[in-house]
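Enquirer: any chance you can model this:
(chains A, B and C)
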Amino acid sequence: MRNMDEFHVSSVSLPPMLDRTFFDRDVVAVARALIGVTLTVNGAGGIIVETEAYHQKEPAAHSHRGQTLRNAVMFGSPGHAYVYRSYGIHWCLNFVCGPAGTASAVLIRALEPTTGITLMGRRRGVDDLRILCSGPGRLCQALGITRAHNGLALDAPPFALKERQRRPRIVIGPRIGIAKAVELPWRFGLAGSKFLSRAFVHVDE
DNA sequence: CAGTGGATGCTCT
DNA sequence: GAGCATCCACTGT
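Expert: Here you go, the predicted model:
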């Protein structure tokens, strides 16, 4: 139960509503705004602590070379999940961003686990909270995300997004695991979080 | 700790 | 047939 003060603070605080319009804007702005937002899938999940932005104009994006069967969701409406298989083993979850047609998306790279921890631990085969959802492949395994979630709207079950209560302190750095456009500082993290997939070199914001 | 290499499936050339 | 928006185990300090 929350008390009146907490309710009042959340009702007047800054973060935008997590409706469709939240995703219908520049992907870098969304990647930053998602830090601190709570993501659950069928009730399991936690606080988003690490994201990366990908945009069609830039060569590390799947959409860069045009629309294909795999990346088709990126070319559709903002506010939907783009899920793809990585290295033949893992799934990775992205949120499609706008404006529509920019074929841009935010890769969700790490969560701080908060709900459904027992279930997530069973799916992952680990009980250490720090490695439960710390990495794009790990968090998909923990949340049970597969190809079946590709193209689903983010404002309806099994997805649920909950606004952050306070403006978080953000750290910024280069994206991970890519060979092209490494110079773009399009990775965002929650400052001081123990649940990042990797540490940030530079601390900004 | 840091560094390395294997697993594994699918997309695109 | 190459190349991945990764993770884990294993090596050597």
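Enquirer: which residue ranges of chain A form strands?
Expert: A:38-41, A:44-54, A:81-86, A:90-97, A:104-115, A:159-162, A:170-173, A:187-190 (DSSP state E).
Enquirer: tell me what angle the fifth one forms with strand A:90-97.
Expert: For strand A:104-115 against strand A:90-97, the angle between stretch directions is 120 degrees (axes from the mean of the first three to the mean of the last three CA atoms, to 10 degrees).
Enquirer: and the gap between A:Ile89 and DNA strand B?
Expert: Distance of A:Ile89 to DNA strand B, computed by CB to the nearest atom of the strand, to the nearest Å: 5 Å. C-beta: built from backbone N, CA, C; applies to glycine.
Enquirer: now A:Met17
Expert: Relative to DNA strand B, A:Met17 is positioned 33 Å away (CB to the nearest atom of the strand).
Enquirer: who's the closest spatial neighbour of that residue, skipping the chain neighbours?
Expert: A:Glu163 (7.1 Å; CB to CB, 6 or more residues apart in numbering).
Enquirer: ok, A:Cys97 next?
Expert: The nearest residue in space to A:Cys97 (CB to CB, 6+ apart) is A:Val27, at 4.1 Å.
Enquirer: and the pLDDT for A:Gly98?
Expert: Reported pLDDT at A:Gly98 in the predicted model: 88.
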